[in-house]
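**Student:** no FASTA, just this:
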Ligand SMILES: Nc1ncnc2c1ncn2[C@@H]1O[C@H](COP(=O)(O)OP(=O)(O)OP(=O)(O)O)[C@@H](O)[C@H]1O
Ligand SMILES: CC(=O)N[C@H]1[C@@H]2OC[C@@H](O2)[C@@H](O)[C@@H]1O[C@H](C)C(=O)O
């Protein structure tokens, strides 16, 4: 039986809040994965500031659908920016909306409290579907939480498909170093174990920004001139997050940067780069077996100090570290590709998360489907009751 291959676009606005990643994928939602073009669209500094203020405004939310204050306007602007990104992308690649079966829309996480089963992503799927003329699957984390999961990470099922389609030797481990870092272990028989592994770039980004105004430490230049401050590093690495037997998904604010006076710029950046690398190795201790290979994706792989520390720490454990590109993947587009893949799985009512990835009680699908012809939003079978059509 031939499987239907769908053409999907994935849209990711991650915890770094640096912009929108967009990627095209052709997939059957299982092991057929044909990667298409991708691009990144950076947010301008004033929109990043607005998103940061949205995080503060979201802090006291107890109802995930509430949008007090500016949150409603930010959600609309964010969604329309995604619509523009889709339109630019289609134009650039000479594609029409009719050639795209579905968009997987992550939105912007503004609050994530797995202990309270509360996760909030700004992003209006109905508006995006209406503006682009393409069906949209969004809100893919919530159903996992309804069933007792951490709501993150969701990318592991895509890592597994990518590894299978590329004939990657198993076992292997994918590491994503975004704002937060996460690990996916794929065992010899394809079994997946995954979880958030610690702060990624978020501490370095905030540290560098508070001193220089720059959004991040380009290539790790600043960190490369500093030295690791052991007491500061230990403060982060001594967190019970690493030693607990329970794996927890992280909110961007679970780890906060040092106070400005606690270190000089370079020593602080060097120490935080070390914390990022060491956190990954510490968290890897909870994997079913010691990894032999780490495949690194996400913006953190471009910070040479983080990568060197990872290499050095992994070497002690006889493990190799390579950038995603060395394994034939795209380390910048992988999350956007994943959201395209997850959207197709959602359409097919296939599971997005598993007990081994989010701690969910049993494998579950997720996501809400919004059709462009203004029919309102509707979850795939067995997820949520359909939402009322807007207006
Ligand atoms: N050339 C570079 N040198 C150093 N760091 C870089 C470079 N390019 C990107 N980064 C880092 O990568 C970050 C963005 O990474 P990425 O897009 O993978 O994160 P994200 O998707 O927003 O986060 P998450 O995966 O947590 O949702 C930037 O904030 C910056 O810290
Ligand atoms: C709540 C939320 O948005 N979590 C993000 C964040 O960024 C990295 C890490 O923390 C991961 O758990 C997740 O994103 C990835 C893409 C995921 O769900 O797989």
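**Tutor:** Everything's here; your move. All values derive from a computational prediction rather than experimental measurement. Numbering: from 1, shown residues only. Ligands and ions are numbered 1, 2, ... in the order given.

**Student:** Who is the closest residue to ligand 2 within the stretch 1-150 of the chain paired with across the strands?
**Tutor:** With Cβ to the nearest ligand atom as the measure, residue 109 is the residue of the stretch 1-150 of the chain nearest to ligand 2, at 3.4 Å. Placement of C-beta: from N, CA and C, glycine included. Beta-bridge partners recorded for residue 109 (DSSP bridges): residue 121.

**Student:** if I look at it, how far off is residue 326?
**Tutor:** Distance of residue 109 to residue 326, computed by Cβ to Cβ, to the nearest Å: 29 Å.

**Student:** Looking at those two, which is more packed in?
**Tutor:** Using other Cβ atoms under 10 Å, the more surrounded residue of residue 109 and residue 326 is residue 109, with 24 against 12.

**Student:** Now for that one: which residues touch it?
**Tutor:** Neighbour list for residue 109: 15, 119-121, 252 [criterion: Cβ atoms under 8 Å, 6 or more residues apart in numbering].

**Student:** Next, residue 287: phi, psi?
**Tutor:** Residue 287 adopts backbone torsions of phi -80, psi 160, taken as degrees, to the nearest 10.

**Student:** wait, it sits on residue 173?
**Tutor:** Yes. With contacts counted by Cβ atoms under 8 Å, residue 287 reaches residue 173, the gap being 7.0 Å.

**Student:** circling back to that earlier point, output the contacts of residue 109 as TSV; include the columns distance to ligand 1 and neighbour count.
**Tutor:** Shown next, in TSV, are those (distance: Cβ to the nearest ligand atom, whole Å; neighbours: other Cβ atoms under 10 Å):
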residue	distance to ligand 1	neighbour count
15	4	21
119	13	22
120	14	24
121	11	23
252	8	22
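
**Student:** So the residue of the stretch 1-150 of the chain closest to ligand 2 versus residue 189, what's the distance?
**Tutor:** For residue 109, the distance to residue 189 - Cβ to Cβ - is 32 Å.

**Student:** Check residue 239 too.
**Tutor:** 33 Å.

**Student:** Please identify which of these two sits among more neighbours.
**Tutor:** Ranked by neighbour count (other Cβ under 10 Å), residue 239 and residue 189 place residue 239 first, with 17 against 7.

**Student:** show me the contacts for that one.
**Tutor:** residue 255.

**Student:** picking up where we left off before, determine the residues that are contacts of both of residue 287 and residue 173.
**Tutor:** Here residue 287 and residue 173 have 183, 185 as joint contacts, going by Cβ under 8 Å, 6+ apart.

**Student:** neighbour-wise, which of those two wins?
**Tutor:** Shown here are residue 287 and residue 173; by other Cβ under 10 Å, residue 173 has more neighbours (25 against 18).

**Student:** can you pull the contacts of that one?
**Tutor:** So residue 173 contacts 183-186, 284, 287, 291, 293-295 (Cβ under 8 Å, 6+ apart).

**Student:** again, but for residue 37
**Tutor:** 23-24, 89, 92-93.

**Student:** The residue in the stretch 201-350 of the chain that ligand 1 sits nearest to: neighbour count?
**Tutor:** Nearest residue of the stretch 201-350 of the chain to ligand 1 (Cβ to the nearest ligand atom) works out as residue 299 at 1.9 Å. Residues near residue 299, counting by other Cβ under 10 Å, number 22.

**Student:** If we ignore the residues flanking it in sequence, what's nearest the residue of the stretch 1-150 of the chain found nearest ligand 1?
**Tutor:** Going by Cβ to the nearest ligand atom, ligand 1 is nearest to residue 14 of the stretch 1-150 of the chain, at 2.2 Å. In this structure, residue 14 finds its nearest non-sequential neighbour in residue 178, 4.8 Å apart by Cβ to Cβ, 6 or more residues apart in numbering.

**Student:** looking at it, that neighbour is touching residue 298, isn't it?
**Tutor:** Yes. Counting by Cβ under 8 Å, residue 178 does reach residue 298; the two are 4.4 Å apart.

**Student:** list residues touching both of these two?
**Tutor:** 200-201, 335.

**Student:** Who wins on neighbours among those residues?
**Tutor:** residue 200 (31 neighbours).

**Student:** Wait, that one touches residue 180, no?
**Tutor:** Yes. Using Cβ under 8 Å, residue 200 is in contact with residue 180, at 5.1 Å.

**Student:** Give me the common contacts of those two.
**Tutor:** Contacts common to residue 200 and residue 180, judged by Cβ under 8 Å, 6+ apart, are residue 15.

**Student:** Return the residues in contact with residue 179.
**Tutor:** Applying Cβ under 8 Å, 6+ apart, the residues contacting residue 179 are 14-17, 200-202, 205, 252.

**Student:** Spatially nearest residue to it, not counting backbone neighbours?
**Tutor:** Setting aside the residues directly before and after it, residue 179 is nearest to residue 15 in space (Cβ to Cβ, 6+ apart), at 3.1 Å.
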